[in-house]
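> Kindly return the folded structure for what I paste below:
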Amino acid sequence: MVGSFFLDGLATAAEQLCGRTVGAHDRSGFVEATKRVLVWGFLFGVRQRYSFVFVGVPLIDLMTTSDAVREAARRFMLFAALAPALGVAAYAFDGIYIGATWARDMRNLMVVALAIYLAAWWALRGLAMAACGSRS
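Below is the predicted model:
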């Protein structure tokens, strides 16, 4: 959640920066704004990832006293740590597309993303959470 709040702020900045350049018909400004949003987002995502790696376990222990919850949270800590770094493109391009008013293109990309997700889910459904040590 903490990572997503910061990345959503990045998306809002992308909306403003890219919207301004599209409105001004400034292609080079748009490219520069896109690069800046992606670079800053990636740097934040990597920094947040390392924060989770280094303070994740003490934070879990601070948040709950339940041994079962602590064990489950520790098991999925790697996924939580990777989420901000891997989510940068989703948040950044959300802001870029909204700022540029490319709603139709965004919808079409989401349909493609859904198709890819469903295909991957179907192909990998037998793996479940085996890699995480699930006891089902």
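> from here on, contacts and neighbour counts on C-alpha atoms
OK.
> What's the first helix or strand after the helix or strand hosting F30?
Secondary-structure element containing F30, defined by DSSP states H and E: helix 27-63. Following helix 27-63 in sequence order, the next helix or strand is helix 67-75 (DSSP H and E).
> buried ones in the helix or strand that comes right after that next one?
Sequence order places helix 77-99 as the next helix or strand after helix 67-75, per DSSP H and E. For helix 77-99, burial by neighbour count (16 or more other Cα atoms under 10 Å) applies to 77, 80-85, 87-89, 91-99.
> Packing partners of helix 77-99?
helix 2-23, helix 27-63, helix 103-124 (3 or more Cα pairs under 8 Å, 6 or more residues apart in numbering; DSSP states H and E).
> low-confidence ranges in the chain?
128-136 (pLDDT under 70).
> Can you name the residues that contact the spatially most central residue of the chain?
Taking Cα atoms, centre = their mean, the centroid of the chain lies closest to G87, which sits 1.7 Å from it. Neighbour list for G87: G45 [criterion: Cα atoms under 8 Å, 6 or more residues apart in numbering].
> Just name the most buried of the helices and strands packed on helix 77-99.
Highest mean neighbour count among the helices and strands packed on helix 77-99 (mean count of other Cα atoms under 10 Å): helix 2-23, with a mean of 19.
> by how many degrees do that one and helix 27-63 diverge?
Per axes from the mean of the first three to the mean of the last three Cα atoms, to 10 degrees, the angle that helix 2-23 makes with helix 27-63 is 170 degrees.
> and the angle from the helix holding F30 to helix 67-75?
150 degrees.
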